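> okay, here's the prediction I keep looking at, along with the sequence it came from:
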Amino acid sequence: MHPMAAVLDPTHRFYYLGNFQQVLDWLAQRYGDLLNAEERDFITAFPRLPLASRALFVRMMMRKGELFRVSKLAYPEIDCSLQALRGLPGAWVEHDPVLSLQQFAQLSTRAELLVQFDSPALRSPACKALRKDALLSLLAEDAAHGHPRPFSQWQHKGSDQAVRLLNRPLCERLRLMFFGNLRQDWSEFVLADIGTLRYERVTLGPEARGFRSRADIDLYLQLHACRQAYEAGTAAGSLLPMLPHGAFDNPWLDSRRQRLMFRIGQLFEKQQDLSQAHAVYAGCAYPGARARAIRVLEKLGRFGAAHSLLRTAQQSPESEAERQHLARIAPRLARQLGQPAPGRRRAAIVDRLDLNLPRQGAARVELAVGDYLQRQQPEAAVFYVENVLANALFGLLCWEAIFAAIPGAFFHPFQREPADLFSADFHGRRRAQFERCLARLEDGSHRAAILATHDAKAGVQSPFVAWGGLTRELLELALDCIPPSHLRLWCLRILEDVRENRSGFPDLIQFWPQQRSYRMIEVKGPGDKLQDNQLRWLDYCARHGMPVSVCYLQWEALAA
């Protein structure tokens with residue numbers, strides 16, 4: 001049962017209406033001071049409308065687009081859609097809207113277009129075989145169809161009607177305020193009600209909200225429009241003016257802006273506009289931007305400026321990933337400036353395993369190696385886990401810390417993760433909670449705690465636990481064979497940089513239950529190379545005495 005539900009049974013005729021009304025009540029309680037006049041009027045007027053009118057409005061609002069044919073608005077719980085539409089305010093719904101040919105075609109099937117535009121030119125066998133888009137192109141060539149007109153005037157045959165939902169932008173703003181994003185939609189209620197998606201129940205006080213001011217809402221909408229333009233392939237030079245600038249006091253919104261700024265810098269770099277790329281990177285605080293700025297200065301031949309920024313970064317690296325990038329750039333810059341090559345930390349020695357195996361159809365290289373190792377040592381269980389196991393052990397052990405109800409972390413009942421998960425102070429804001437969780441690794445209570453959380457929270461959404469790839473058998477073997485000191489090191493490294501360190505774990509893990517020992521194995525097939533995040537994890541494990549190997553697989557040549 002999710003924490004907002006009053007109408008929980010999705011078989012109830014108006015379950016969706018109950019869910020929508022709860023959102024309105026939720027917003028009125030938490031965002032009353034931020035709502036504009038239009039939003040307040042809507043929230044006040046909506047529950048006073050006839051039941052069928054409210055139900056049909058929500059049905060339309062949950063569908064895509066803003067244009068609807070009345071004949072397509074048929075729902076068993078709404079007796080007469082036309083009558084229900086008449087009960088909606090004229091400011092919310094436009095009857096018989098003016099449409100272009102393309103808009104009319106969107107509401108019509110190919111067969112309907114042939115009927116509505118019945119002319120000798122369309123009766124030829126060739127036209128009747130045309131696809132809808134080709135037919136529309138043919139119709140558009142007729143100048144008589146070039147001017148918008150009401151739906152009723154496009155419809156030469158038939159008696160259907162059309163309407164336009166006018167306040168969809170308002171509903172989108174309400175959805176944004178409730179979810180804190182435009183990624184989630186109203187289907188979350190249904191999926192939660194029927195148990196398809198389950199969310200952790202976090203205590204949400206009346207002050208729990210994602211936006212602190214009206215400016216925050218406007219900023220999000222600006223960022224969303226810029227992000228949509230970016231995804232549509234808009235040129236970097238056009239994107240930059242769309243990006244909001246200035247000081248922002250909402251950290252999670254600013255992190256979205258910084259990420260988008262970084263991507264715009266990448267676009268400039270891809271377009272070889274290196275000066276503009278550097279200007280964007282120089283003003284960007286997103287992880288990796290400083291290293292890219294150094295790289296761009298190097299490409300521009302500004303080696304002195306690049307070396308100066310590199311020295312600043314080396315004094316206080318933002319992450320292991322940046323330290324790794326700087327170590328690669330430093331020797332090149334030293335050569336360009338005629339300086340001695342800087343010393344580099346030698347990577348820890350990682351055990352190497354070379355295998356030649358017969359190709360097993362289209363089987364993944366990880367599975368082929370796992371199957372081979374299992375046959376070689378039947379007493380040692382081998383699992384293909386990649387990032388699943390380590391993240392799950394961390395997520396289950398530290399569940400209460402991850403889902404701690406601290407200000408600004410949770411603001412609606414359908415959150416998979418805290419809003420500040422990737423912020424630099426994610427660990428710091430929950431330090432006491434994480435210390436309590438990690439202390440279980442010291443007193444030996446971690447095994448019972450992890451298994452209890454697994455049983456109690458099975459299926460609940462988590463940023464660290466991928467339930468589909470996790471079994472109790474795997475957890476029990478891991479807890480039997482992996483020393484608590486190693487688990488603690490894994491957890492601490494994840495907490496150092498959640499965004500980067502959730503990935504890069506070795507592909508396979510092998511357990512020897514009798515010896516209570518294990519080994520991690522990264523598998524590389526022909527021509528494959530270790531990625532940066534994998535190199536960092538391998539080095540970390542090897543330096544801390546954790547058993548890890550890299551297996552290089554080659555396929556045996558087929559006999560002639």
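That came through, no problem.
> which residue ranges form the helices in the stretch 351-500 of the chain?
365-376, 388-397, 399-402, 431-443, 446-457, 472-481, 484-496, 498-501 (DSSP state H, counting those that start in this stretch).
> check contacts around the closest residue to Glu318 other than its chain neighbours.
Nearest residue to Glu318, sequence neighbours excluded (C-beta to C-beta, 6 or more residues apart in numbering): Pro287, at 6.1 Å. (Glycine included, C-beta is placed from N, CA and C.) Taking C-beta atoms under 8 Å, 6 or more residues apart in numbering, we find Pro287 in contact with Glu318, Ser319, Ala321, Glu322, Arg499, Glu500.
> secondary structure element for Pro287?
Under DSSP states H and E, no helix or strand contains Pro287.
> could you do the one 10 residues further on as well?
Taking DSSP H and E as the criterion, the element that holds Leu297 is helix 289-299.
> likewise for Lys157?
Counting by DSSP H and E, Lys157 is part of no helix or strand.
> what segments of this structure are strands?
Remark: strands assigned in the chain by DSSP state E are 67-69, 93-95, 98-99, 149-150, 162-165, 351-357, 381-384, 508-512, 517-524, 548-555.
> for Glu298, which of those is the nearest?
strand 517-524 (29.4 Å; C-beta to C-beta).
> which neighbouring elements make contact with that closest one?
Other elements packing on strand 517-524 under the criterion 3 or more C-beta pairs under 8 Å, 6 or more residues apart in numbering; DSSP states H and E are helix 365-376, helix 472-481, strand 508-512, helix 532-543, strand 548-555.
> need the pLDDT of the residue nearest to Glu318.
Per-residue pLDDT puts Pro287 at 92.
> that older thread, for the helix holding Leu297, packing partners?
Helices and strands touching helix 289-299, by 3+ C-beta pairs under 8 Å, 6+ apart, are helix 251-270, helix 274-282, helix 303-315, helix 320-336.
> export the ones you listed to a markdown table and tack on mean neighbour count and distance to Ser445?
Converted to a markdown table, those look like this (neighbours: other C-beta atoms under 10 Å; distance: least, C-beta to C-beta, whole Å):
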| stretch | mean neighbour count | distance to Ser445 |
| --- | --- | --- |
| helix 251-270 | 19 | 34 |
| helix 274-282 | 20 | 47 |
| helix 303-315 | 16 | 41 |
| helix 320-336 | 17 | 30 |
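> redo those helices as a markdown table? Include mean pLDDT and distance to Ala208.
As requested, the helices and strands packed on helix 289-299 are exported to a markdown table (pLDDT from 0 to 100; distance: least, C-beta to C-beta, whole Å):
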| stretch | mean pLDDT | distance to Ala208 |
| --- | --- | --- |
| helix 251-270 | 93 | 14 |
| helix 274-282 | 97 | 35 |
| helix 303-315 | 95 | 38 |
| helix 320-336 | 93 | 33 |
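> beta partners for Lys524?
On the basis of DSSP bridges, Lys524 is bridged to Tyr552.
> quick one: it and Leu530 touch, right?
Yes - the criterion here is C-beta atoms under 8 Å, and Lys524 meets it with Leu530 at 6.7 Å.
> which regions of this structure lie under the pLDDT threshold?
Filtered on pLDDT under 70, the chain yields the residue ranges 1-11, 119-123, 128, 362, 558-560.
> residue nearest the middle of it, spatially speaking?
Arg183 (8.1 Å; C-alpha atoms, centre = their mean).
> what about the residue lying closest to Pro547 once chain neighbours are set aside, how many neighbours?
Spatial nearest neighbour of Pro547, chain neighbours left out: Arg519 (4.4 Å); criterion: C-beta to C-beta, 6+ apart. As a burial measure, Arg519 scores 20 neighbours (other C-beta atoms under 10 Å).
> show me what Arg519 is bridged to.
Applying DSSP bridges, one finds that Arg519 bridges with Gln510.
> now it: how far from Tyr552?
Noted for Arg519: a distance of 16 Å to Tyr552, by C-beta to C-beta, to the nearest Å.
> still on that earlier bit, export the strands of the chain as TSV, with columns for distance to Trp467.
Below are the strands of the chain laid out as TSV (distance: least, C-beta to C-beta, whole Å):
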stretch	distance to Trp467
strand 67-69	38
strand 93-95	43
strand 98-99	47
strand 149-150	52
strand 162-165	38
strand 351-357	31
strand 381-384	15
strand 508-512	18
strand 517-524	22
strand 548-555	26
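> check the offset of stretch 53-62 from the chain's centre.
Centroid separation between stretch 53-62 and its chain, computed with C-alpha atoms, centre = their mean, to the nearest Å, is 28 Å.
> go on, stretch 66-80?
On C-alpha atoms, centre = their mean, the centre of stretch 66-80 falls 33 Å from that of its chain.
> enumerate every residue touching Ala285.
Per C-beta under 8 Å, 6+ apart, neighbours of Ala285: Gln258.
> do Ser549 as well
Per C-beta under 8 Å, 6+ apart, neighbours of Ser549: Val350, Asp351, Arg352, Leu353, Arg519, Met520, Ile521, Glu522.
> gap between it and Ala347?
15 Å.
> please apply the same query to Met61.
In terms of C-beta to C-beta, Met61 sits 56 Å off from Ala347.
> the two: who's more crowded?
Met61 (20 against 12).
> what number of residues lie near the nearest residue to the more buried one once chain neighbours are set aside?
The shortest distance from Met61 to any non-neighbouring residue, by C-beta to C-beta, 6+ apart, is to Cys171 (5.1 Å). By the criterion of other C-beta under 10 Å, Cys171 has 21 neighbours.
> is it true that Cys171 touches Arg63?
No - counting by C-beta under 8 Å, Cys171 stays clear of Arg63, with 11.5 Å between them.
> what's the spacing between the residue nearest to the centre of the chain and Arg256?
12 Å.
> what's the answer for Ala313, then?
Ala313 is 24 Å from Arg256, by C-beta to C-beta.
> try Val498
16 Å.
> what of Leu99?
Leu99 is 36 Å from Arg256, by C-beta to C-beta.
> repeat that for Arg198.
Taking C-beta to C-beta, one finds Arg198 at 27 Å from Arg256.
> next one: Trp512
Counting by C-beta to C-beta - Trp512 and Arg256 are separated by 46 Å.
> and what of Leu487?
33 Å.
> my guess is Arg359 meets Ala557, correct?
No - Arg359 lies out of contact with Ala557 (C-beta under 8 Å); the separation is 9.7 Å.
> wait, Phe303 touches Leu337, no?
Yes - counting by C-beta under 8 Å, Phe303 does reach Leu337; the two are 5.6 Å apart.
> on that earlier part again, is it possible to get TSV of the helices of the stretch 351-500 of the chain that adds distance to Gly87 and mean neighbour count?
Putting these into TSV (distance: least, C-beta to C-beta, whole Å; neighbours: other C-beta atoms under 10 Å) gives the following:
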stretch	distance to Gly87	mean neighbour count
helix 365-376	60	17
helix 388-397	49	24
helix 399-402	46	21
helix 431-443	51	15
helix 446-457	44	16
helix 472-481	54	16
helix 484-496	54	18
helix 498-501	49	20
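> can I get these in TSV including distance to Leu204?
Below are the helices of the stretch 351-500 of the chain laid out as TSV (distance: least, C-beta to C-beta, whole Å):
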stretch	distance to Leu204
helix 365-376	41
helix 388-397	21
helix 399-402	16
helix 431-443	18
helix 446-457	18
helix 472-481	30
helix 484-496	25
helix 498-501	23
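> out of the ones you listed, which gets nearest to Ala327?
Of the helices of the stretch 351-500 of the chain, the one closest to Ala327 (C-beta to C-beta) turns out to be helix 498-501, at 15.8 Å.
> can you name every helix or strand that that closest one contacts?
By 3+ C-beta pairs under 8 Å, 6+ apart, helix 498-501 packs against helix 320-336, helix 532-543.
> and of these, who's closest to Ala229?
helix 320-336 (28.2 Å).
> restricting to C-alpha, output that closest one in CSV.
Extracted as CSV, the C-alpha positions of helix 320-336 are listed here (Å, rounded to 0.1, in the frame of the first residue of the first chain):
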residue,chain,number,x,y,z
GLU,A,320,39.7,9.4,-8.6
ALA,A,321,38.5,9.8,-12.2
GLU,A,322,40.0,13.2,-12.5
ARG,A,323,43.2,12.1,-10.9
GLN,A,324,43.4,9.4,-13.5
HIS,A,325,42.9,11.8,-16.4
LEU,A,326,45.4,14.3,-15.0
ALA,A,327,48.1,11.5,-14.8
ARG,A,328,47.6,10.9,-18.5
ILE,A,329,47.7,14.5,-19.5
ALA,A,330,50.7,15.6,-17.3
PRO,A,331,53.5,13.8,-19.3
ARG,A,332,52.3,15.3,-22.6
LEU,A,333,52.2,18.8,-21.2
ALA,A,334,55.7,18.3,-19.7
ARG,A,335,57.1,17.4,-23.0
GLN,A,336,55.5,20.4,-24.7
